[in-house]
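**Q** here's a sequence, model it:
(chains A and B)
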Amino acid sequence: MAKMIKLWVDNIEVEVQEGTTILDAAKETGKKIPTLCYHKDLAPSSNCGVCVVEIEGTKGTKRACSTPAWAGMKVITNSKKLRELRKTLVEMMLADHDVVCPTCEQNNKCELQDLAYLLGVDDKRIPKVLQKKPLDLKSFSIVRDPNKCISCGRCLTVCQDIQTVHALTINGRGFEGTITTPFDKGMADSPCVNCGQCTVYCPVGALHEKSDIDNVWDQLLDKDKYVVVQEAPAIRATLGEEFGMDPEEVTVGKMYAALRRLGFDRIFDTNFSADLTIMEEGTELINRIKNGGKLPLITSCSPGWIKFSETYFPNLAENISTCKSPQQMFGTLVKTYFAEKEGIDPAKICSVSIMPCTAKKFEANRPEMRDSGYQDVDYVITTREFIKMIKEAGIDFKNLPEEKADDIMGKYTGAATIFGATGGVMEAAVRTAVAILSGEEMADVNITALRGMEGIKEASLTIPLKEGGELPVNVAVVHGLGNARKLMEKVESGEKQYHFIEVMACPGGCVGGGGQPYNSTIADRARRGQSLYKEDAKLTLRCSHHNDEVIKCYEDFLDAPNSHKAHKLLHTNYFERCKITGDTIKETTSKH
Amino acid sequence: MYKQIFNKYSPEKENLIYILHEIQDNHPQQYISEDAVTEVSEYINVPRAHIYGVLTFYTMFSTKPRGKNIIRLCESPPCFLKGSENILKKLRETLDLGLNKTTKDGMFTLELCACLGVCGNAPVMMINEDVYGNLTEDKIDTIINKIKGEAK
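**A** Numbers count the residues shown, from 1 in each chain, chains lettered A, B, ... in the order given. Just a heads-up that it's a prediction; the model follows:
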């Protein structure tokens, strides 16, 4: 039991555990000290100085975010001096900030905008010192606008400490210090894996996705184009919170209705291809176990993880499932299976996907993702872009009717829904693998050991075999690339042995993706994950092999899981990448 | 390429600054190239991003090729009060050179630096390892001409 200490914040007595910061102690008294660089998910960097407080009996000021409270401390959070200090700090930031609020991606969400308004700062008092620098636009996924950066350092903390990618750094120091990539080469020529966590934690509009909204509108408004859309599982667990609904509500029907009103010609669902992924990946796993193939098998759904593994773990290339991600399986099938069935010229099809992810934009542009004979997925928009389009179109999302997805690639099971949460792919795969191996359906398909926000989860399962005997299977689930790095180092050294590992690049899995609403906290991610598990529990069909549209797709088109045709269309290969530029060096596995 | 330097230091993060200094001092153009950063990164297992941050934090390091003689004029307040601005202007004119630039013949690079610790002799500058104090515009001509003369 930690020691409790007593202190006073603005004359209000409060008791907290020893080691609690002044900021958190103040929160206990119902007071939020203004902050800017501080974020509760990240270690405090004390960069901005906005959270300054005075302490009776001591000189100067202390930063509340990083100063632990001590017994008997008397904290003053508001005084003339503190107000002046905070105002000046924000005024200085604005003097070096491209203040273009109305057109900024973070308008109405920006923490600097909020603070400037609340503190009542005078944005003209300090003359403008901003020297405009060019935007970093070369990445498929992320735009970096140095003119908006306030050097708070959140992106650095996320990129370096949580994701261990080290694509960003500080060039210079003091006023001249700017956050950039090593040698100012730009995100596209850095080790950046496009996970987009920097965009989620950026408090201003300095980091955001490269928008495809205009491209998607152009396609929707082009009468000659047949525009088909897919939406990732995580999207439906997020839309509610952005449209003033119960954040726990999963909004599948309204999501379809909104897409129809935006003018998409065919509304499908990535959940369909998530089920398909389980058929392919589950079969791959069983074959590898039975035939002495390379183990552990590692999932391949997360494009941030794939680029990370290609960069840092090229020796594990043969361990990674050859399955394309659900997005890319879907893209290939739209321009082959769907086009063939409906008699539509695939050249006229525009395939759009809505993803909680910035790395999906990079994935869709990978040169090998053209097995349909065309670019399989034409445009990827993030959850944030989708929300913006709904708002631009004036759609009253909250009051939309519940509608259904369209036939042949719109049905899904609960196994697909949970893909959006960390552990979901593993759980879905186990449900189907057990049914195939034992010849019997699982009595209880809930595998709770694989759920939740713990960084690395492990489970040992015993699967009864239909031919008699049992198969012990060890699995691990990891989310966040820092955790993935730790686990993969142990796998490479042989310290840890598993049959199957699920990796998601973003903390929390796709519900915490880099394309999700700005400032998605760990708590938000956990809640969205829970919503997906609840949605799964409500569904009658909860195992991918029960998806009748997937079964029909095999019967009519793909033959069988892992068939020659399935391999040709739904599987891919990997490369080794340069740790400096991220460029491909050589193939590590060959195609098909 | 830097094997000889690496051999002197164990591959630990703490040795980063020493290694970088030695690489820079041994380079004819007195800078640390991108390739050097890559090699150091691999040797001590520290990300390139981190090393680049260190390199740009300290003004003594350069990521760009520099001249044979590096002029570092102090820009701290005591030197400023004693007229370092005029000295800078004079240096720029004499050498026909912009700040942080190198003359075409590779002889001089002009930089500003933080306090050199000899404020009693302000304004002060360093050329390579030598300190020059109580600077006047006339002195600048003499100093530069002397270095140019020695090079001949």
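**Q** longest helix anywhere in chain B?
**A** Ordering each helix of chain B by length in residues (DSSP state H) puts helix B:137-151 first.
**Q** pretty sure residue A:148 is touching residue A:208, no?
**A** No: assessed by CB atoms under 8 Å, residue A:148 is found out of contact with residue A:208, at 9.5 Å. Just so you know, the C-beta spots here come from the backbone N, C-alpha and C atoms, and that holds for glycine as well.
**Q** ok so, going back, what's in contact with the longest helix of chain B?
**A** Here helix B:137-151 makes contact (CB atoms under 8 Å, 6 or more residues apart in numbering or on different chains) with B:68-69, B:86-87, B:90-91, B:94-95, B:107-108, B:127, B:132.
**Q** who touches the residue nearest to residue A:20 when sequence neighbours are not counted in this structure?
**A** In space, and not counting its chain neighbours, residue A:20 is closest to residue A:69: 5.4 Å by CB to CB, 6 or more residues apart in numbering or on different chains. Residues near residue A:69 by CB under 8 Å, 6+ apart: A:5, A:7, A:16, A:20-22, A:25, A:75.
**Q** and which of the residues you listed is nearest residue A:137?
**A** When the contacts of residue A:69 are ranked by distance to residue A:137 (CB to CB), residue A:21 comes first, at 38.5 Å.
**Q** enumerate the beta-bridge partners assigned to the closest one.
**A** residue A:68 (DSSP bridges).
**Q** and it, how many neighbours does it have?
**A** Residues lying near residue A:21 (other CB atoms under 10 Å in any protein chain shown) number 20.
**Q** how much space between it and residue A:115?
**A** Using CB to CB, to the nearest Å, one gets 19 Å for the distance from residue A:21 to residue A:115.
**Q** do residue A:256 as well
**A** In terms of CB to CB, residue A:256 sits 39 Å off from residue A:115.
**Q** looking at the two, which is more packed in?
**A** Set residue A:256 next to residue A:115 and count neighbours by other CB under 10 Å: residue A:256 wins out with 25 against 21.
**Q** in this structure that one contacts residue A:267, no?
**A** Yes: assessed by CB under 8 Å, residue A:256 is found in contact with residue A:267 at 5.2 Å.
**Q** what residues are shared contacts of those two?
**A** residue A:405.
**Q** give me the below-cutoff pLDDT ranges for chain B.
**A** For chain B, residues meeting the criterion pLDDT under 70 lie at B:152.
**Q** in ChimeraX, how would I select just the buried ones from the contacts of helix B:137-151?
**A** Buried members of the contacts of helix B:137-151, defined by 16 or more other CB atoms under 10 Å in any protein chain shown, are picked up in ChimeraX with:
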select /B:68,69,87,90,91,94,95,107,108,127,132
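**Q** up against chain A, what does chain B have?
**A** B:34, B:37-38, B:47-53, B:56-57, B:63 (CB under 8 Å from any CB of the partner chain).
**Q** and the two most separated of those residues?
**A** Pairwise over the residues of chain B next to chain A, using CB to CB, the maximum falls at B:38 and B:57, 18.9 Å.
**Q** which of the contacts of helix B:137-151 fall in strands?
**A** Assigned to strands by DSSP state E, the following of the contacts of helix B:137-151 qualify: B:69, B:108, B:127, B:132.
**Q** relative to chain A, which of those residues is nearest.
**A** Proximity of these to chain A was ranked by CB to the nearest CB; the top entry is residue B:108 with 22.8 Å.
**Q** my guess is that closest one meets residue B:95, correct?
**A** Yes: if you go by CB under 8 Å, residue B:108 and residue B:95 touch, sitting 5.4 Å apart.
**Q** tell me the domain ranges of chain B?
**A** B:3-57, B:69-151 (automatic domain parsing).
**Q** what is the burial count for the spatially closest residue to residue A:364 that is not a sequence neighbour?
**A** Nearest residue to residue A:364, sequence neighbours excluded (CB to CB, 6+ apart): residue A:377, at 4.0 Å. Residue A:377 is flanked by 28 other residues according to other CB under 10 Å.
**Q** residue A:503 - that's part of a strand, no?
**A** Yes: the assignment for residue A:503 is a strand, going by DSSP: H, G, I helix; E, B strand; the rest coil.
**Q** quick one: it and residue A:481, what's the gap?
**A** Taking CB to CB, one finds residue A:503 at 8 Å from residue A:481.
**Q** quick one: stretch A:242-258 to chain centroid distance?
**A** When C-alpha coordinates are averaged (CA atoms, centre = their mean, to the nearest Å), stretch A:242-258 and its chain have centres 19 Å apart.
**Q** do stretch B:79-88 as well
**A** 19 Å.
**Q** can I get that stretch in CSV, CA atoms only?
**A** Provided in CSV are the C-alpha atoms of stretch B:79-88 (Å, rounded to 0.1, in the frame of the first residue of the first chain):
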residue,chain,number,x,y,z
CYS,B,79,30.0,40.3,-27.0
PHE,B,80,26.9,41.8,-28.5
LEU,B,81,27.2,44.8,-26.2
LYS,B,82,30.8,45.2,-27.2
GLY,B,83,29.9,45.3,-30.9
SER,B,84,30.0,41.7,-32.2
GLU,B,85,27.4,42.7,-34.7
ASN,B,86,29.9,45.0,-36.5
ILE,B,87,32.5,42.3,-36.3
LEU,B,88,30.1,39.9,-38.0
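**Q** buried sites along stretch B:30-39?
**A** For stretch B:30-39, by 16+ other CB under 10 Å, it's B:30-33, B:36-37, B:39.
**Q** any idea how far apart the tips of that stretch sit?
**A** 17 Å (CA to CA, to the nearest Å).
**Q** tell me which residues are up against the helix or strand residue A:227 falls within.
**A** Per DSSP states H and E, residue A:227 falls inside strand A:226-231. For strand A:226-231, contacts defined as CB under 8 Å, 6+ apart pick out A:216, A:219-220, A:255, A:259, A:263-270, A:272-273, A:327, A:330-331, A:334, A:338, A:344, A:348-354, A:386, A:409.
**Q** same question, stretch B:34-46
**A** So stretch B:34-46 is in contact with A:182-183, A:580, B:1-2, B:6, B:11-13, B:15-16, B:19-20, B:23, B:27, B:47-48, B:51-52, B:55, B:63, going by CB under 8 Å, 6+ apart.
**Q** which among these count as buried?
**A** Counted by 16+ other CB under 10 Å, these give A:182-183, A:580, B:6, B:15-16, B:19-20, B:23, B:47-48, B:51-52, B:55, B:63 as buried.
**Q** which one of the residues you listed is nearest residue A:524?
**A** residue B:47 (29.1 Å).
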